[in-house]
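Chemist: following is a predicted model, sequence given first.
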Amino acid sequence: MKNRAEARIDLGAIKTNAKNIINHLSDGTEFLAVVKADAYGHGAKRVSSALSEIGVKHFAVATAEEALELRNNGLEGEILILGKSDISYADKLIEKDITQTVEDVDYAKALASHGKIKVHVKIDTGMSRFGIYCHGVEDLQYAFERVKEIYEIPQLEITGIFTHFATADDEDESFTRRQFSAFKALCDKLYEEGINCGLRHCCNSAGALKFKDMHLDMVRIGIALYGLELSVPEFPLVPAMSVVATLASVSKIGKNDTVSYGRTYKAENSVTKGVVTFGYADGMPRLLSNRYSLGVNGKKAPILGRICMDLMIINLDGIDAKAGDEVVIFGKDNEVSLMADIIGTINYEIVCGISKRVPRVYN
């Protein structure tokens, strides 16, 4: 391996995950691929292109910059910005036929002042981030009036309406069902009043896999697309990213020698140690110091001492290894979820955190 480290992306796995999820969807439900945050670290341009090859037509990002990068690189189909873009981007969004999320009347009017623009309306049914407030049936009239105002702005073309589940991956389904009921009631009222808000969508990955009755017109698939572990273990998903580094050197340390910054590891006996070309600047959480093991020639090598910016040190006792050997940071056995569990975070954070200086290699 010529690179000191690399993230290997299996585009075939991403396509397989997408096809399996599409086959699971209710009749008539569209598939929206969430490729924000550089496709969760997998590379948005390459991932979006691969998904286009199998017929995916809807994509979602978080920012105007992400949307424009994809459009400027030739991505066709709908690109929906899930976040709130500065008004200064309005002309570019119109020019590039990009759909913007709106959450209030004033923002919608400001966008419309720049020309005819496509929008999806965001409804807050309990996530309490942003969106028109509709946490229950008691808020239905308020939400209806706000959406109606947006609908009546001449230069806006509402092509969708959506909400976001806060606890779709929890065992307790009650809050998700409460959110869905509020959203569905609002959509039904809009329809009854002759207001067509386009594609209705509320399900994220966990929601789409668990609640088929909530698929509506479209589902938004993010983490499942990349094959990362969800609370729906029976659904077949293939992890798409493996991260590897290089064993730069192999040598011995003696009894009572200490390792790395802060001397947090002290050898009880002589140890064969290896230096690995990967550190926290590459995306290795420093909190995994002394708590995680890397793969070397089919065996596990515990991390010794604190992880450094560019390097870390591992215990190679009992492992036949030499300088230049490949070291697996995480692969297709869901080690990324183990890493997340150890430090009390989620697998999303691990893959999104793999640095830009780690080259993405596609197969």
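Modeler: Cool, the structure landed.

Chemist: residues in contact with the most centrally placed residue in the chain?
Modeler: In the chain, the residue lying closest to the centroid (C-alpha atoms, centre = their mean) is Tyr40, at 4.1 Å. Contact analysis of Tyr40 by C-beta atoms under 8 Å, 6 or more residues apart in numbering lists Gly222, Ile223, Tyr226, Leu228, Tyr348, Val351, Cys352. Any C-beta I mention is one placed from the backbone N, CA and C, and that applies to glycine too.

Chemist: so what's Tyr280 closest to, chain neighbours aside?
Modeler: Setting aside the residues directly before and after it, Tyr280 is nearest to Arg286 in space (C-beta to C-beta, 6 or more residues apart in numbering), at 4.7 Å.

Chemist: run through the residues that contact the one you found.
Modeler: Arg286 makes contact with Tyr280, Arg306, Ile307, according to C-beta under 8 Å, 6+ apart.

Chemist: may I have the phi/psi pair for Thr272?
Modeler: Per-residue torsions, Thr272: phi -90, psi 120 (degrees, to the nearest 10).

Chemist: just give the nearest non-adjacent residue to it, would you?
Modeler: Going by C-beta to C-beta, 6+ apart, Thr272 has Leu316 as its nearest residue, at 4.4 Å.

Chemist: where do the domain boundaries of the chain fall?
Modeler: 11-226, 241-362 (automatic domain parsing).

Chemist: let me have these in a markdown table, extended by distance to Val232 and mean pLDDT.
Modeler: Listed next are the domains of the chain as a markdown table, based on distance: least, C-beta to C-beta, whole Å; pLDDT from 0 to 100:
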| stretch | distance to Val232 | mean pLDDT |
| --- | --- | --- |
| domain 11-226 | 4 | 97 |
| domain 241-362 | 13 | 97 |
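
Chemist: nearest to Glu234, of those domains?
Modeler: Taking C-beta to C-beta, domain 11-226 is the member of those nearest to Glu234, at 9.2 Å.

Chemist: how long is the closest one end to end?
Modeler: Distance across domain 11-226, first residue to last, is 9 Å (C-alpha to C-alpha, to the nearest Å).

Chemist: okay, buried residues for the longest helix seen in the chain please.
Modeler: Counting residues, the longest helix found in the chain (DSSP state H) is helix 174-192. The neighbour-count check on helix 174-192 (16 or more other C-beta atoms under 10 Å) flags Thr176, Arg178, Gln179, Phe180, Ala182, Phe183, Lys184, Ala185, Leu186, Cys187, Lys189, Leu190 as buried.

Chemist: please enumerate the helices of this protein.
Modeler: 11-24, 36-40, 44-53, 64-72, 90-95, 105-112, 140-151, 174-192, 205-210, 335-343, 347-352.

Chemist: switch those helices over to CSV; also include distance to Arg4.
Modeler: Shown next, in CSV, are those (distance: least, C-beta to C-beta, whole Å):
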stretch, distance to Arg4
helix 11-24, 23
helix 36-40, 20
helix 44-53, 21
helix 64-72, 26
helix 90-95, 37
helix 105-112, 45
helix 140-151, 51
helix 174-192, 44
helix 205-210, 33
helix 335-343, 20
helix 347-352, 19
